[in-house]
Each structure stands twice: as structure tokens, then as C-alpha cells.
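A.B. asks: Dropping the sequence and predicted coords here.
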Amino acid sequence: NLSAQALHGKLGESETSEEKAGALFVAALRETFEEAGALLSETPPVRDTEGGPQDFHALLATQDLRLDVQALHPWVRWITPRMPSVTNRRFDTRFFMAAMPAHQTAMHDNVETTASAWLQPREALEQYWNQTMQMAPPQIMSLAYLARHENVASALADVRGRAPVSILPESHDQEGQRVICYPGDPRHSVSTRALPGPTRLVWRNQRFEPDGGLSALWAD
């Protein structure tokens, strides 16, 4: 429902080709369907999308469905920092935001995702802090952003009102502790904040934590 040129403009990455920009939107929609069972299409699918594994392309073709790319809003581009002591695998991943389609229920696929829960952002962060849920730094920072909004409409309005941001965290050693710094932190090469919340996470208790405890995730 949008041209590749329009999607390229919406993504806000001048260095990315129109073809790749369009592919990123489609990939996000496909992954959402395959791993979470939610299909964002212009018209809802006839069959229940949580009724078991289904082929993404076959479902679109047999029901003549068109993907609702307008429902996706580019949010953050997360790039893995160079931390050889932690991992040699690096990712360059776009996070999109969308409202859950009405009359659909998200469900893990038992292949790439093996468990799921529907939680408010603050509740999820509290579970992470209490060590009942593990989280990677991008998840922590993303949920800290979402926890500042009262509802989906508020978060979507905020994302639509600003350009997507790219975040390449920078790793430092501070008194024997690994520290991940984000834009806006005194030790990061980019002085302008990209997201609200803490500007650094510290490796402590076998995980990354905000300096200052859980309450630091709500502080501006």
C-alpha cells in the first residue's frame, strides 16, 4: 500500500537503497507473523493465524491479502557494539512499532520463539530486575522508552512525530566493570541523546543493569 520510494523515505536512511528499505518492511511483517502469529494486512485473514504453522507467502496468495506496511513505524536501528570479550556476533537490526491487530492473539511458534507473555512494559522490566526474565540491552532500553507512555496510541504518536534513530553503543571498562554507553553519555562519541532513560548499562550480577538501579530506567 506504499511504494518502495515512500517506504525509503519513511525509513529515513539515505544510505539504504529503496529496494532494501522495502525489503526491511516486508521482513518485519513476515517475522511478526512467523514468530508471533500476528499478521498485519489491509484486510484480516479468514483463518485464525494462531491455528498452527502456516506459510507466509502461501497465506497471502491464497487469500489475496495485501500487507499493511503503513501500520509499521520505523523506531530504532540497533547496531551491536564491538565487544570481543562478550560475543563475536554482531547485528544491525531495525525495530519497528505497530499496534496489535484487532481480533488476533500473539503466540510463539515453538521453533524460534518458545515462550511468550503479554505484559505492560514496566511489568516486564520489573520481572527482569527480579531476575525472573532475561533481557538483552536493546530490550531493556526499548521497554524503558515504552514504559513512559500510558498507552499504544501515545507511543505511536511519539514515534510518528520524530525521525528514527540509529544507536551504536560504545563499550568501555570502568574500574574493572564493562560499561555500555549510549548517545548522550559523557563517554559516548555522540553527545545528543537518542532515547530517554539511562545513558549507560553496567555489567553486574551476570547481566547488564542500569547504573542507579531499576528506578534509573524511569529517570529522564
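C.D. replies: Thanks, I have the structure now.

A.B. asks: any low-confidence regions in the protein?
C.D. replies: 1, 47-53, 83-88, 220 (pLDDT under 70).

A.B. asks: tell me the strands in it, going along the chain?
C.D. replies: Taking DSSP state E, the strands of the chain run over residues 73-79, 92-97, 165-167, 170-174, 177-181, 200-204, 207-210.

A.B. asks: Could you list the residues in contact with the second one?
C.D. replies: So the one you mean is strand 92-97. Outside strand 92-97, the residues within contact range by Cβ atoms under 8 Å, 6 or more residues apart in numbering are 11, 24-25, 28, 72-80, 138, 142, 155-156, 159, 164. For every residue, glycine as well, the C-beta is placed using N, CA and C.

A.B. asks: From those, list just the buried residues.
C.D. replies: With burial judged by 16 or more other Cβ atoms under 10 Å, the buried subset of the contacts of strand 92-97 is 11, 24-25, 28, 72-78, 80, 138, 142, 155-156, 159, 164.

A.B. asks: residues near A194, how many?
C.D. replies: Neighbours of A194 under the rule other Cβ atoms under 10 Å: 20.

A.B. asks: Contact partners for it?
C.D. replies: Contact analysis of A194 by Cβ under 8 Å, 6+ apart lists 76, 165-167, 182-184.

A.B. asks: and L2, which of the strands of the chain is closest to it?
C.D. replies: For the strands of the chain, the distance to L2 is smallest for strand 73-79, at 12.1 Å, taking Cβ to Cβ.

A.B. asks: so what does that closest one touch, helix or strand wise?
C.D. replies: On a contact count with 3 or more Cβ pairs under 8 Å, 6 or more residues apart in numbering; DSSP states H and E, strand 73-79 meets helix 4-11, strand 92-97, helix 137-146, helix 152-160, strand 165-167.

A.B. asks: Taking helix 137-146 as reference, get the angle to that strand.
C.D. replies: Interaxial angle, strand 73-79 versus helix 137-146 (axes from the mean of the first three to the mean of the last three Cα atoms, to 10 degrees): 150 degrees.

A.B. asks: Please renumber the chain so that the first residue is 18 from this point on.
C.D. replies: Will do, 18 is the new start, and the previous item becomes strand 90-96.

A.B. asks: could you dump strand 90-96 to PDB, C-alpha only?
C.D. replies: Listed next in PDB are the C-alpha coordinates belonging to strand 90-96 (Å, rounded to 0.1, in the frame of the first residue of the first chain):
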ATOM      1  CA  HIS A  90       6.600   2.800  12.000                       C
ATOM      2  CA  PRO A  91      10.400   2.800  12.000                       C
ATOM      3  CA  TRP A  92      11.600   3.300  15.500                       C
ATOM      4  CA  VAL A  93      15.200   2.500  16.300                       C
ATOM      5  CA  ARG A  94      18.100   1.000  14.400                       C
ATOM      6  CA  TRP A  95      20.200  -1.000  16.900                       C
ATOM      7  CA  ILE A  96      23.800  -1.900  15.900                       C
END
